[in-house]
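1. Structure for the following, please:
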Amino acid sequence: MFTDRRDAGRLLAELVADLNLADPVVYALPRGGVPVALEVARRLHAPLDLILVRKLGAPGFPEVAMGAVVDGKNAQTIVNEDVFAETGADAAGLGRARRRELAEIERRRAVYLGDRARVSPAGRVVVIVDDGLATGATAKAALAAVKRQGAARTVLAVPVAPDDVVDEMRRLADDVVVVQIPEQFWAIGQFYVDFHQLSDDETVTLLREAWAGP
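-> Next comes the predicted model:
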């Protein structure tokens, strides 16, 4: 069990540091990935930025990811075809979910980043961090986004994930770093003592801490 996300981040950071990455940039998936990524970025002495990506919840089952959408000039959508088919979703439902989540992405961009200059992944070693993987939908979208923007090497780093999802991610990222790959996995939160949903205010405070430097 991790005490909280920052505890998980410190453990994860040591494993990522073992990769001896050259001049990396760390991207958090907000909100839950921010406290984890802060610890990774601090350990690597790397800049911290965000990838604004949102899960597309299945109709009637919002906690089930039928895909994800990530921000950008041409917002990229990744569809989990198996889940999409099993939940009976259609193109119209997917489109509604995409528009709704893109609106939330724009809201988060304004609140979390304001007019702050973004760190480009082009030609960089990119470390994408979240607080765990369940279906992996948001991580897939994030990886696709940074590859499209020219990342030279991609590292996906999370405290916990099921083995089948880790295997899938290893086909998408150059490196996958995971602290725990449990045999029995129901939800990310089962591996944390404190897994509260972060507020916008908490997220902004953590980002300011990271951007303030050591």
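2. tell me the mean pLDDT over stretch 44-60?
-> For stretch 44-60, mean pLDDT rounds to 88.
3. And it, how far out from the chain middle?
-> Taking Cα atoms, centre = their mean, to the nearest Å, the mean C-alpha location of stretch 44-60 is offset from the chain mean by 4 Å.
4. So which bits of that stretch are buried?
-> Within stretch 44-60, the residues that count as buried by 16 or more other Cβ atoms under 10 Å are 44, 46, 48-58. Where C-beta positions appear, they are placed from N, C-alpha and C, glycine not excepted.
5. now stretch 162-171
-> Of all the residues in stretch 162-171, those buried under the rule 16+ other Cβ under 10 Å are 162, 165-166, 168-169.
6. try stretch 108-126
-> Buried, per 16+ other Cβ under 10 Å, within stretch 108-126: 108, 112-113, 119, 121, 124-126.
7. So which of those is the closest to Ala145?
-> Using Cβ to Cβ, the shortest approach to Ala145 within the buried residues of stretch 108-126 belongs to Pro121, at 8.4 Å.
8. So what does Ala41 look like in phi/psi?
-> Ala41 has phi and psi values of phi -60, psi -40 when expressed as degrees, to the nearest 10.
9. How about the contacts made by it?
-> By Cβ atoms under 8 Å, 6 or more residues apart in numbering, the residues touching Ala41 are 26, 47-48, 210.
10. Go through those and say which is closest to Thr154.
-> Of all the contacts of Ala41, Val26 has the smallest distance to Thr154: 12.1 Å, by Cβ to Cβ.
11. If we ignore the residues flanking it in sequence, what's nearest that closest one?
-> Of all residues not flanking Val26 in the chain, Ala41 sits nearest, at 4.1 Å (Cβ to Cβ, 6 or more residues apart in numbering).
12. how about the buried residues of stretch 108-126, which pair is most distant?
-> Every pair of the buried residues of stretch 108-126 checked by Cβ to Cβ; the farthest is Arg108 and Val125, at 25.2 Å.
13. The buried residues of stretch 108-126 into JSON lines, with extra columns for distance to Gln149?
-> Converted to JSON lines, the buried residues of stretch 108-126 look like this (distance: Cβ to Cβ, whole Å):
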{"residue": "Arg108", "distance to Gln149": "19"}
{"residue": "Tyr112", "distance to Gln149": "19"}
{"residue": "Leu113", "distance to Gln149": "16"}
{"residue": "Val119", "distance to Gln149": "11"}
{"residue": "Pro121", "distance to Gln149": "5"}
{"residue": "Arg124", "distance to Gln149": "9"}
{"residue": "Val125", "distance to Gln149": "13"}
{"residue": "Val126", "distance to Gln149": "9"}
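14. Now intersect the residues you listed with the strands, please.
-> Among those, DSSP state E puts 125-126 in strands.
15. Tabulate the buried residues of stretch 108-126 (TSV), appending pLDDT and distance to Ala97.
-> As requested, these are exported to TSV (pLDDT from 0 to 100; distance: Cβ to Cβ, whole Å):
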residue	pLDDT	distance to Ala97
Arg108	93	16
Tyr112	95	22
Leu113	94	23
Val119	93	29
Pro121	95	26
Arg124	97	31
Val125	98	32
Val126	98	27
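16. does Ala68 sit in a helix, a strand or a coil?
-> Following DSSP: H, G, I helix; E, B strand; the rest coil, Ala68 is assigned to strand.
17. Understood, closing this out.
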